[in-house]
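A.B. asks: Compute the structure for the input listed below.
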Amino acid sequence: MYRNIMVPVDGSPFSREAVLHGLRLASQSGAILRLVRVGTSATITGGSDGFAVENQRLREIHTAELSELYSIAAECRAHSTVNVTASLQYGPVVDTLIGYARRQNVDLIVMRSHGRKGFARAWFGSVADALIRESGIPVLVVKAPSVATAIESGFVFNRILVPLDGSLLAEQSIAPAVSLARINGATITLLKVVTPSKQRLKGELESSIGPAPAGEVANAQRYLETCLGPEQERSVRVTRRVIVAEDIAGTILGAADTMEADLVAIATRGRGAIARATSGSVADRVVRESPVSTMVIHPVLLDADFRPAVIKNIAALSA
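C.D. replies: Here you go, the predicted model:
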C-alpha cells in the first residue's frame, strides 16, 4: 500500500482536483498526503532601489503562495483524518519536486492533466514527463471523469487496464495497479497485444481471434496467467485479454474505451523527447491520447544510493 503520496500544487483549479484524488487515496490507504509547491524565484535587475522593490514584491508573493498552500492543507485536514503536510520549496521545478519526493520516500505522485494546448501544454507535459522519466516513482495523471462516471462513482477507479508486452519493465506497472485496485475494490484487466504474423509456417494453425499463429496467442494467454503472484491474485478481481492487432497503442486505447476503464496503468522506457518524436512510444501515445486517467512508471535507477530505494518502493506497493 502507499505510504507517502505527493501532490504538486501550482495554485490552479487543476492541481486542487489532483489534491482531491490524493486525499482520497491517502485516506483509503493510510498514507501521508504531502502537498508541495515550488515557489516563485527571484529575478533581480537594476540597482539597490530595484533590489529593495523586487525583494518586497517577492516577500508578498511568497506569503500569498504559502497562505494558499496552508489553506488547501487546512481544508484537507478539516474533511478527513489524513496526516497532511504542506511544504513550499524553491529551485528549478522538476529538480525541486524530485528532490523533495526522494527525501520524503514518496511512492506515488498525483498530478492533474491541464488539458491545455501549445506552450502551456508543453510546459505541463515537460514537468510530468520529467517526473516520470527521472523520479522512478509511479505518476498518476488524473483526468476529469465523464459526467456519467462522476455521477455514478465520483473519482473511484473501478476498472483498471494494465497493458503488458512480456518484458520485466512492463511488469513494473502491476504492483502499483494492484495497490490502486485494492484501495478502490477495482477489477484489473491484464492485456497483451499480439501483432499479426507476416508469414506463417506451413501447417501452422491460425488463432481464432485474428491473423496470428494459434501457438503464439496461446503463449500470450499462458503468460498473462503467470503475471500475478498468489497473494495478488487473491486480493483483487482479475480478467485477462489477448488481442491480435498491428497498432499496439491504438489497441490499448480502444480496449480502454470498450471496457470503460477508469485508469490505464503502463510502464515506459522513458526515452527522451527527440527519440519519441522520431520513433514514437506506446506509453507516451497512451498518456497523451487516453481519455481516462493514466498511471505511468519508469523505474529508473539513477545512482547507486537511489537504487535500493527504487526497488524497495516498487516491492512495497504489493505489501
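A.B. asks: In the beta-sheet assignment, what are the partners of Arg241?
C.D. replies: Leu191 (DSSP bridges).
A.B. asks: Do I have it right that it meets Leu190?
C.D. replies: Yes. With contacts counted by CB atoms under 8 Å, Arg241 reaches Leu190, the gap being 7.3 Å. All C-beta atoms are positioned from the backbone trio N, CA, C, and that covers glycine.
A.B. asks: ok, which stretches of the chain are helices?
C.D. replies: Assigned by DSSP state H, the chain shows helices spanning 13-29, 48-78, 93-103, 118-135, 147-153, 168-171, 174-184, 214-225, 230-235, 248-258, 273-279, 282-289, 307-316.
A.B. asks: and these, which is most packed in?
C.D. replies: Among the helices of the chain, helix 174-184 has the highest mean neighbour count (mean count of other CB atoms under 10 Å), at a mean of 24.
A.B. asks: Contacts for that helix next, please.
C.D. replies: 1-2, 25, 28-29, 108, 138, 156-158, 160, 162, 164, 186-188, 227-228, 232, 235-237, 263, 265, 295, 297, 314-315, 317-318 (CB atoms under 8 Å, 6 or more residues apart in numbering).
A.B. asks: Now with 6 Å, please.
C.D. replies: Residues outside helix 174-184 that contact it (CB atoms under 6 Å, 6 or more residues apart in numbering) are 1, 28-29, 138, 156-157, 160, 162, 188, 232, 235-236, 265, 295, 314, 317-318.
A.B. asks: From those residues, which land in strands?
C.D. replies: Among those, the members found in strands (DSSP state E) are Ile160, Val162, Ile188, Ala265, Met295.
A.B. asks: Find the residue ranges of the protein scoring beneath the pLDDT cut-off.
C.D. replies: Applying pLDDT under 70 to the chain picks out residues 42-54, 114-125, 144-155, 199-204, 270-280, 299-319.
A.B. asks: again, only using 80
C.D. replies: Counting by pLDDT under 80, the chain shows low-confidence ranges at 1, 11-14, 41-55, 113-126, 129, 144-156, 198-205, 269-281, 299-319.
A.B. asks: Show me it divided up by domain.
C.D. replies: Following automatic domain parsing, the chain resolves into domains at 1-142, 153-319.
A.B. asks: Distance from the chain centre to the shortest one, please.
C.D. replies: Meaning domain 1-142. Centroid separation between domain 1-142 and its chain, computed with CA atoms, centre = their mean, to the nearest Å, is 15 Å.
A.B. asks: How about the longest one?
C.D. replies: Computed by CA atoms, centre = their mean, the separation of domain 153-319 from the middle of its chain amounts to 13 Å.
A.B. asks: What distance do you get for Ile183 to Ile160?
C.D. replies: Per CB to CB, to the nearest Å, Ile183 is found 11 Å from Ile160.
A.B. asks: quick revisit: which one's more surrounded, Arg241 and Leu190?
C.D. replies: Shown here are Arg241 and Leu190; by other CB atoms under 10 Å, Leu190 has more neighbours (22 against 17).
A.B. asks: which residues touch the more buried one?
C.D. replies: Val162, Leu164, Leu224, Cys227, Arg240.
A.B. asks: rerun at 10 Å
C.D. replies: By CB atoms under 10 Å, 6 or more residues apart in numbering, the contact set of Leu190 is 160-164, 171, 174, 177, 223-225, 227-228, 238-242.
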